[in-house]
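1. below are the sequence and a predicted model for it; my questions follow.
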Amino acid sequence: MRYEVGIGTRTEGFELPEEDVIEVMHANPVASGPTGEKVVRASLEAPIGTPRLRELVRPGQTVCVITSDVTRPLPTATVLPPVMDELHAAGVRDEDVLLAIALGSHRPQTEDELRAIMGPYYGRLRVLNGDSRGLAHVGTTSHGTPVDVLAEVAAADVRVALGNVEYHYFAGYSGGAKAIMPGCSTFQAIQANHSLMVDPAAHSGNMESPVRLDLEEACAMVGLDFIVNVVLDEEKNVVYSAAGDFVAAQRDACRKLDALYGCELHEYADVVVVSQGGAPKDLNLYQLQKALDNAKHPVRDGGVIVLVGSCAEGLGQDTFAQWMHEARTPRDVVDHLQRDFRLGGHKAAAIAQIELRCDVYLVSDMAPDQVRDCFMTPFAHVQDAVDAAMESQRRRLGREPRVLVMPHGGSTLPLMRV
């Protein structure tokens, strides 16, 4: 039987005996209905926990609209126009709107990337893209996280955040307050917040992850007046939108995500073939880690995860790369985190913890030595990696391995019911 997974802007096929495949894990069926802008406009007309956006702003006020960078699949060009229509209806002019790219610890966007992000509003709005004039210190959370945000974001009269909701391996879910923290915050603040990932409750699918609760406390101190959070199908179409209060609307979108992407599984796999689904979510290993983290749940101890992603930009983060390069074993990386929590190193440790349980074969466009530096086995093609994984498991188990295929591994969360 032939199967396909995305890698960068292409797809790769591979063959497996159908009887060896537990399932190909896709999102749950979506009832047919409106998509795209229609869904967003409907949510703006019936916000959760707040008045309509057009009722929250007045002419002459400055509005900061925060949106994602290209490493996130949020279709800003689809979501932004309905939001701008609401602002226009309130008498807000384009020149009073600042579009802030929520870079967090990521690089600024290129002009081509900004053009793709902004769609019809490219060239019409002022853009904050890593060139802030400074920071505003708002306070400190009860956990001790410094609440420092970009000065231009803090200075706006009204803040509106756009985002997509998907599973996040220690914040539970994306979306909501994450536009402010870490999106418009500092490295030090992000590091303090992310240090909570060592809490056992900080895991994918937990709406009350301590990481999320801390960033929501920070967000409340800054003030986030309105959000639009969307859920995407596997083709990245908007199929659901929740607008309004930054907690209540985000939780509503989380529940919809669970209905679409929470996938019950009743058998552990010896081999898991997992992809992020291609660009833009597999630009680097730092981002691809999300698919690997979801794949750790269904794989048996001693099994193999075949991780598929272009990683055209390499590892994607300096501390992440440094920790991997300096370590001699995955255990060294985990021990490093326990001694000294560092942003970037946290993802290296998350990968290393999985590598202590199973082998990871990486199919990517990275140099083989870079892959080996991360304690993974490099492959250029999915079929070669799958064949090698099947053979290694045959030798280990003395039987034909059982395989799970996850073509959209960053989005589909296996819920083990064994």
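-> Thanks, I have it.
2. switch to C-alpha atoms for all contacts and neighbour counts from now on
-> Will do.
3. which SS state does residue 404 fall under?
-> strand (DSSP: H, G, I helix; E, B strand; the rest coil).
4. isn't it right up against residue 269?
-> Yes - with contacts counted by Cα atoms under 8 Å, residue 404 reaches residue 269, the gap being 5.9 Å.
5. which neighbours do these two share?
-> Listed as contacting both residue 404 and residue 269 by Cα atoms under 8 Å, 6 or more residues apart in numbering are residue 22.
6. and the helix or strand where residue 82 lies, what does it pack onto?
-> Using DSSP states H and E, residue 82 sits within helix 76-89. Packing contacts for helix 76-89, counted by 3 or more Cα pairs under 8 Å, 6 or more residues apart in numbering; DSSP states H and E, involve helix 37-45, helix 53-56, helix 111-118, strand 158-164.
7. switch to 7 Å and redo it
-> Packing partners of helix 76-89 (3 or more Cα pairs under 7 Å, 6 or more residues apart in numbering; DSSP states H and E): helix 37-45, helix 53-56, helix 111-118.
8. pick the most deeply packed of the ones you listed.
-> Stretch with highest mean neighbour count among the helices and strands packed on helix 76-89: helix 37-45 (a mean of 20; mean count of other Cα atoms under 10 Å).
9. that one vs helix 76-89, what angle?
-> Here the directions of helix 37-45 and helix 76-89 differ by 40 degrees (axes from the mean of the first three to the mean of the last three Cα atoms, to 10 degrees).
10. how about residues contacting helix 37-45?
-> By Cα atoms under 7 Å, 6 or more residues apart in numbering, the residues outside helix 37-45 that reach it are 52, 78-79, 82, 239-243.
11. one more: stretch 374-385?
-> 12, 14-15, 306, 324, 330, 360-365, 368, 371-372.
12. again, only this time at 6 Å
-> 14, 324, 360-363, 368, 371 (Cα atoms under 6 Å, 6 or more residues apart in numbering).
13. same question, stretch 339-355
-> Counting by Cα under 6 Å, 6+ apart, residues outside stretch 339-355 touching it are 191, 319-320, 330, 333-334.
14. on that earlier part again, only alpha carbons, please: show the helix holding residue 82 as CSV.
-> The C-alpha trace of helix 76-89 is given here as CSV (Å, rounded to 0.1, in the frame of the first residue of the first chain):
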residue,chain,number,x,y,z
THR,A,76,-3.6,36.2,8.5
ALA,A,77,-4.5,37.4,5.0
THR,A,78,-7.9,35.6,5.5
VAL,A,79,-8.5,36.7,9.1
LEU,A,80,-7.2,40.3,9.0
PRO,A,81,-9.7,41.8,6.4
PRO,A,82,-12.8,41.0,8.5
VAL,A,83,-11.1,42.4,11.6
MET,A,84,-10.2,45.6,9.7
ASP,A,85,-13.8,45.9,8.6
GLU,A,86,-14.9,45.9,12.2
LEU,A,87,-12.4,48.6,13.0
HIS,A,88,-13.4,50.6,10.0
ALA,A,89,-17.0,50.3,11.1
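15. which one's the longest strand in this protein?
-> strand 299-308 (DSSP state E).
16. circling back: how about the contacts of helix 37-45 in JSON lines, adding pLDDT, neighbour count and distance to residue 141?
-> Below are these laid out as JSON lines (pLDDT from 0 to 100; neighbours: other Cα atoms under 10 Å; distance: Cα to Cα, whole Å):
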{"residue": "52", "pLDDT": "98", "neighbour count": "18", "distance to residue 141": "29"}
{"residue": "78", "pLDDT": "97", "neighbour count": "19", "distance to residue 141": "34"}
{"residue": "79", "pLDDT": "98", "neighbour count": "26", "distance to residue 141": "31"}
{"residue": "82", "pLDDT": "98", "neighbour count": "18", "distance to residue 141": "34"}
{"residue": "239", "pLDDT": "95", "neighbour count": "21", "distance to residue 141": "35"}
{"residue": "240", "pLDDT": "96", "neighbour count": "24", "distance to residue 141": "32"}
{"residue": "241", "pLDDT": "98", "neighbour count": "30", "distance to residue 141": "29"}
{"residue": "242", "pLDDT": "98", "neighbour count": "30", "distance to residue 141": "27"}
{"residue": "243", "pLDDT": "98", "neighbour count": "31", "distance to residue 141": "26"}
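17. of these, which pair is most distant in space?
-> Distance extremes for the contacts of helix 37-45: the farthest pair is 52 and 239 at 20.7 Å, using Cα to Cα.
18. ok so, going back, centre of the chain to the helix holding residue 82, how far?
-> 23 Å (Cα atoms, centre = their mean, to the nearest Å).
19. quick check: next helix or strand after that helix?
-> With DSSP H and E, the next secondary element past helix 76-89 is strand 97-102.
20. elements contacting that following strand?
-> Applying 3 or more Cα pairs under 6 Å, 6 or more residues apart in numbering; DSSP states H and E, one finds that strand 97-102 makes contact with strand 63-68, strand 126-128.
21. nearest to residue 280, out of those?
-> Set against residue 280 and scored by Cα to Cα, the helices and strands packed on strand 97-102 come closest in strand 63-68, at 12.1 Å.
22. distance of the nearest residue to residue 379 once chain neighbours are set aside relative to residue 272?
-> Nearest residue to residue 379, sequence neighbours excluded (Cα to Cα, 6 or more residues apart in numbering): residue 363, at 4.7 Å. Counting by Cα to Cα, to the nearest Å, the gap from residue 363 to residue 272 is 13 Å.
23. show me this structure divided up by domain.
-> Following automatic domain parsing, the chain resolves into domains at 2-27+266-416, 37-260.
24. buried ones in stretch 13-22?
-> Within stretch 13-22, the residues that count as buried by 16 or more other Cα atoms under 10 Å are 14, 21-22.
25. can you list these in JSON lines and add pLDDT?
-> What follows is the buried residues of stretch 13-22, written out as JSON lines (pLDDT from 0 to 100):
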{"residue": "14", "pLDDT": "98"}
{"residue": "21", "pLDDT": "98"}
{"residue": "22", "pLDDT": "98"}
